[in-house]
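> could you look at this predicted model? Sequence included:
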Amino acid sequence: MKPLPIFLILVLTGLATACRVEPEPIVYGTDNCHVCKMTMMDKRFGAEVVTRKGKVYKFDDVNCMMDFLHSGFLQEQEIKYRLVADYAQPDKLVPADEAFYIKSAEIRSPMASQVAAFGSEEAYKNFKKEANGIYLTWGELTTQFK
């Protein structure tokens, strides 16, 4: 059996890595919200939906992501990732269905959802002591913004 030429090995390796579907970081100050078109500025907020084909949709506030998810633009089976920015750890995206949410009039989010997401229960509880708000699960959040 003949050895594969080095060029063919490089092409196959490139194709294998190019097909990976992964979230991408939000570039605050540059990226725009897919729904409201505002430039994303506040690192404590933001969200991202990634399709199984690798298309990335970014949002500046959780309510923009909810508008998008409820629009019917994508079917449930087309979505690979739903992510939200961790309020306690800016620049970190966490799975939306695993996050802890708090809604409070004291939270000044970009599109006035008044919702902050946290990647850990501890961070959520620490923030809840400061802000008078209510806890929302992912299910409650999705119905809140219908």
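Done, it's in.
> now Met66: closest residue in space, sequence neighbours ignored.
Closest residue to Met66 apart from its sequence neighbours, by Cβ to Cβ, 6 or more residues apart in numbering: Phe145 at 3.6 Å. Every C-beta, even on glycine, is put in place using the N, C-alpha and C of the backbone.
> okay, now the one you found: neighbour count?
Neighbours of Phe145 under the rule other Cβ atoms under 10 Å: 17.
> who's in contact with it?
Val62, Asn63, Met66, Asp67, His70, Ser113 (Cβ atoms under 8 Å, 6 or more residues apart in numbering).
> got a list of contacts for the lengthiest strand in the chain?
Secondary structure of the chain per DSSP state E: the longest strand is strand 79-85. The contact list for strand 79-85 (Cβ under 8 Å, 6+ apart) reads 21, 23, 26, 43-52, 62, 65, 69, 91-97, 99, 117.
> circling back to that earlier point, for the residue nearest to Met66, phi and psi?
phi -110, psi 40 (degrees, to the nearest 10).
> over to Ser120?
Residue torsions, per degrees, to the nearest 10, at Ser120 are phi -140, psi 150.
> which residues in this protein form helices?
Secondary structure of the chain by DSSP state H: the helices cover 6-18, 62-70, 121-130, 138-144.
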